[in-house]
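Student: Got a predicted structure plus its sequence, pasted below:
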Amino acid sequence: MAKGNGVRWRRVLAVWGLIVAVETLQGVLRQLWLVPWLGELPARQLGVVSGALLILLLTWATRRWLRLRTPAQQLQAGALWLLLMLLFEFGLGTLLGYPPERLLADYDPRAGGYLGLGMLVLLLAPWLLGRGRRRDGN
């Protein structure tokens, strides 16, 4: 592969770091403001929606800088973001003392957990927004 045509992994990692920072801030604010007002589960459910929108916004804002030109590159970047986010989520959750059942409940729609949908958005965001990039020429 010619130089300049591959995935710029440092950029992909930098955007993932930005996503983590924004999602962490969103989680802190959710705990401080939404949980007392809505309760734990509804606040987490709303957090999935707002988190997915933040991921899409950050991906859109950085799409040119990322330079992910092909669907394969876009899906590789999304897959890396997903893998790193799962490691981060379960690692941090474990460090904070959450039992595995509590962590997995966030992914179980039968228990009201919709985080799996948020992770799907994370996986597909570069590809979804890359499709728009080709249409609008940006």
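Tutor: Sure, I can see it. Residues are numbered from 1 along each chain as shown.
Student: okay, CA-based contacts and neighbour counts for the rest of this
Tutor: Fine.
Student: For stretch 43-55, give me every contacting residue.
Tutor: Here stretch 43-55 makes contact (Cα atoms under 8 Å, 6 or more residues apart in numbering) with 19, 22-23, 26-27, 30-31, 34-35, 112-115, 117-118, 121-122, 125.
Student: what do you get if the cut-off is 6 Å, keeping everything else the same?
Tutor: 34-35, 115, 118 (Cα atoms under 6 Å, 6 or more residues apart in numbering).
Student: Now flag whichever of those residues is closest to residue 6.
Tutor: residue 118 (26.9 Å; Cα to Cα).
Student: Please identify the buried residues of the helix or strand hosting that closest one?
Tutor: Element membership for residue 118, per DSSP states H and E: helix 115-136. Judged by neighbour count using 16 or more other Cα atoms under 10 Å, the buried positions of helix 115-136 are 115, 118-119, 121-130, 133.
Student: all helices for this structure, in order.
Tutor: 9-29, 35-38, 40-66, 71-95, 100-105, 115-136 (DSSP state H).
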